[in-house]
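Asks: Got a predicted structure here, sequence first:
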Amino acid sequence: MSLIHHSSSAPSEDIKSHLLQMVVDYLTDISSLGITPSNPLYQLYQYGVGYEVHLYLEAMAGGREVKPELVLAFDEAHPDILDGFALFLRAEHDPSVCTVAYVAVRTPRRRMGVARAMLDAITQRHAHVELACVPGKVSWFEKLGFQIIGAQGPQIKLSSDGTATDQPIAVLDVAPIYASVEVRQIHAYLLNQHGRKAMLEAEKKRDRQLDQMTRQAATFARDSL
């Protein structure tokens with residue numbers, strides 16, 4: 001069993017460290033790109049997505065347009081161990097509306113109801129919850145009561161009541177992250193490590209995969225509605 005804890009304030013540095021490590025470890029699962037370790041760009045996105053989550057955690061201190069909150073799952077026998085987390089964003093003008101941005105569960109704790117418990121904690125507090133996932137995970141969310149409402153890029157969008165909200169939900173602009181000096185330095189390192197040809201092919205592979213996933217998501221949503 002896991003202990004479920006909801007938080008609207010920034011986590012401690014220890015919890016934050018464990019959470020960000022989970023983002024790095026499970027990038028393929030939580031990234032909308034589905035990028036795998038075999039792609040030379042993998043390390044670049046580990047940094048990019050990790051830093052995005054870091055900024056959301058910082059925003060929990062307040063004073064920003066985005067309204068992130070967390071549901072955390074801790075090991076019942078060892079409460080210092082983080083089993084999983086769900087990061088979600090509240091609507092700006094309606095706190096009953098939110099969208100789930102990221103969900104991750106430690107590999108040893110998967111298929112043990114941890115993700116279900118975290119999402120239950122969110123749906124119990126919010127009348128309307130939206131999230132997006134790849135087509136292969138839709139059936140799992142449907143078992144929790146979520147319903148397909150359309151496609152969102154390479155993912156399927158679902159909501160807890162089968163409708164789409166018209167409430168604005170602020171999200172971070174990630175473009176500055178991927179234009180940062182740090183990302184350029186990582187790219188230069190990877191270029192030196194793998195060579196220009198391999199990096200160009202990695203970018204083409206990423207783009208082809210994204211295009212394919214987007215088409216598949218659109219078809220899946222259309223056939224399901």
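Replies: Looks like it arrived, so ask away.

Asks: can you pull the contacts of Met22?
Replies: Neighbouring residues of Met22 by Cβ atoms under 8 Å, 6 or more residues apart in numbering: Leu82, Gly84, Phe85, Ala104, Arg106. To be clear about C-beta, it is placed using only N, CA and C from the backbone, and glycine gets the same treatment.

Asks: For the closest residue to the second one other than its chain neighbours, the count of nearby residues, please.
Replies: If you skip the residues right next to it in sequence, Gly84 has Val105 as its closest partner in space, 3.7 Å away by Cβ to Cβ, 6 or more residues apart in numbering. For Val105, the number of neighbouring residues by other Cβ atoms under 10 Å comes to 25.

Asks: what sits against Val105?
Replies: For Val105, the contact set (Cβ under 8 Å, 6+ apart) comprises Ala73, Asp83, Gly84, Val114, Ala115.

Asks: one more time with 7 Å, if that's ok
Replies: Counting by Cβ atoms under 7 Å, 6 or more residues apart in numbering, Val105 makes contact with Asp83, Gly84, Val114, Ala115.

Asks: Let's test this: mean pLDDT of the longest helix along the chain, rounded?
Replies: Longest helix in the chain, counting residues (DSSP state H): helix 196-224. Taken as a whole, helix 196-224 has a mean pLDDT of 96.

Asks: try stretch 42-59
Replies: Here the average pLDDT along stretch 42-59 is 97.

Asks: Please work out which residues outside that stretch touch it.
Replies: By Cβ under 7 Å, 6+ apart, stretch 42-59 touches 10-11, 16, 20, 23-24, 27, 31, 33, 35-36, 66, 68, 87, 102, 172, 174, 177-178, 182-183, 186-187, 190.

Asks: so of these, which ones are in helices?
Replies: Mapping these onto helices (DSSP H) picks out Lys16, Leu20, Val23, Val24, Leu27, Ile177, Tyr178, Glu182, Val183, Ile186, His187, Leu190.

Asks: Format the residues you listed as a markdown table; extra columns: pLDDT, neighbour count and distance to Val134.
Replies: Shown next, in a markdown table, are these (pLDDT from 0 to 100; neighbours: other Cβ atoms under 10 Å; distance: Cβ to Cβ, whole Å):
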| residue | pLDDT | neighbour count | distance to Val134 |
| --- | --- | --- | --- |
| Lys16 | 97 | 17 | 27 |
| Leu20 | 98 | 17 | 23 |
| Val23 | 97 | 22 | 17 |
| Val24 | 96 | 14 | 20 |
| Leu27 | 96 | 23 | 14 |
| Ile177 | 97 | 18 | 22 |
| Tyr178 | 96 | 16 | 22 |
| Glu182 | 96 | 13 | 28 |
| Val183 | 97 | 17 | 25 |
| Ile186 | 97 | 18 | 26 |
| His187 | 97 | 16 | 26 |
| Leu190 | 97 | 18 | 25 |
